[in-house]
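Participant: What follows is a protein structure lacking sequence information:
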Ligand code: URA
């Protein structure tokens with residue numbers, strides 16, 4: 001099995017799908033690779049492609065606010081996407097692109113062995129939890145997959161589009177916070 005750094009180097013020079021031709025840079029992830037909690041979004045957007053970091057645009061600011069509400073900071077978790085390169089015009093990633101990229105996320109999860117995986121949005125939940133995952137019905141619920149707890153939140157971009165979903169998301173975040181307090185031992189919750 002390769003190390004985290006080897007995996008990262010391999011990913012940064014990946015040419016397994018057509019997205020390598022249009023990307024500015026690969027967005028591998030940010031945070032602590034030894035964290036107990038892993039957040040997984042869909043794919044980088046324009047800002048992420050330019051800066052090389054996940055969730056740095058408007059949605060990223062909202063994600064940071066959501067994390068802050070429950071005492072989480074980027075350096076105490078890890079954040080990545082199921083597809084590491086930006087699909088042009090922010091279209092949904094194609095199946096061929098998801099297939100080409102799946103191994104990187106699998107290997108990240110295998111190396112990290114997180115206690116909790118939080119899927120941001122439907123696409124990520126369909127990739128990680130269940131192919132027919134229904135985000136509007138199943139957000140906030142925990143699913144045990146081979147000893148790893150997984151849950152999905154509405155994607156920050158969906159919350160920006162429809163702020164009426166924010167109160168339910170706040171409830172989901174409180175459940176997540178409780179679960180972290182229950183099962184994580186190395187995840188500080190810091191309130192400023
Ligand atoms: N949306 C995502 O799913 N991931 C990002 O990194 C940015 C926006």
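Facilitator: Perfect, I can see it now. Note that the coordinates shown come from a computational prediction; the quantities given were computed from them, not determined experimentally.
Participant: Report the contact partners of the closest residue to residue 175 other than its chain neighbours.
Facilitator: Closest residue to residue 175 apart from its sequence neighbours, by C-beta to C-beta, 6 or more residues apart in numbering: residue 140 at 5.7 Å. The C-beta positions use only the backbone N, C-alpha and C, and glycine is treated the same way. Neighbouring residues of residue 140 by C-beta atoms under 8 Å, 6 or more residues apart in numbering: 151-153, 168, 171-172, 175.
Participant: Could I get those residues in TSV, plus columns for neighbour count and pLDDT?
Facilitator: Output for these, formatted as TSV (neighbours: other C-beta atoms under 10 Å; pLDDT from 0 to 100):
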residue	neighbour count	pLDDT
151	21	98
152	28	99
153	26	99
168	15	98
171	11	98
172	20	98
175	15	98
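Participant: quick check, nearest of those residues to the ligand?
Facilitator: For these, the residue nearest the ligand by C-beta to the nearest ligand atom is residue 153; the value is 11.6 Å.
Participant: mind listing what the closest residue to the closest one other than its chain neighbours touches?
Facilitator: Leaving aside its chain neighbours, residue 153 sits nearest to residue 172 (5.4 Å; criterion: C-beta to C-beta, 6+ apart). Going by C-beta under 8 Å, 6+ apart, residue 172 touches 139-140, 151, 153.
Participant: let's go with 6 Å and repeat that
Facilitator: Applying C-beta atoms under 6 Å, 6 or more residues apart in numbering to residue 172 gives the contacts 139-140, 153.
Participant: for the residues you listed, which one is nearest residue 40?
Facilitator: Among these, residue 153 lies closest to residue 40 (C-beta to C-beta), at 10.6 Å.
Participant: for that closest one, phi and psi?
Facilitator: Note on residue 153: its backbone torsions stand at phi -110, psi 160 [degrees, to the nearest 10].
Participant: who does it bridge with?
Facilitator: residue 120 (DSSP bridges).
Participant: how near is it to residue 5?
Facilitator: For residue 153, the distance to residue 5 equals 29 Å [C-beta to C-beta, to the nearest Å].
Participant: is it true that residue 133 lies in a helix?
Facilitator: No. Applying DSSP: H, G, I helix; E, B strand; the rest coil, one finds residue 133 to be coil, outside a helix.
Participant: what's near enough to touch it?
Facilitator: Each residue near residue 133 by C-beta under 6 Å, 6+ apart is listed here: 125-126.
Participant: how much space is there between it and the ligand?
Facilitator: Per C-beta to the nearest ligand atom, to the nearest Å, residue 133 is found 15 Å from the ligand.
Participant: just residue 127 next, same as before
Facilitator: 11 Å.
Participant: what does the helix or strand hosting that residue contact?
Facilitator: For residue 127, the element it lies in under DSSP states H and E is helix 122-128. With C-beta under 6 Å, 6+ apart as the test, helix 122-128 has contacts from 40-42, 82, 119, 133, 135, 150, 152.
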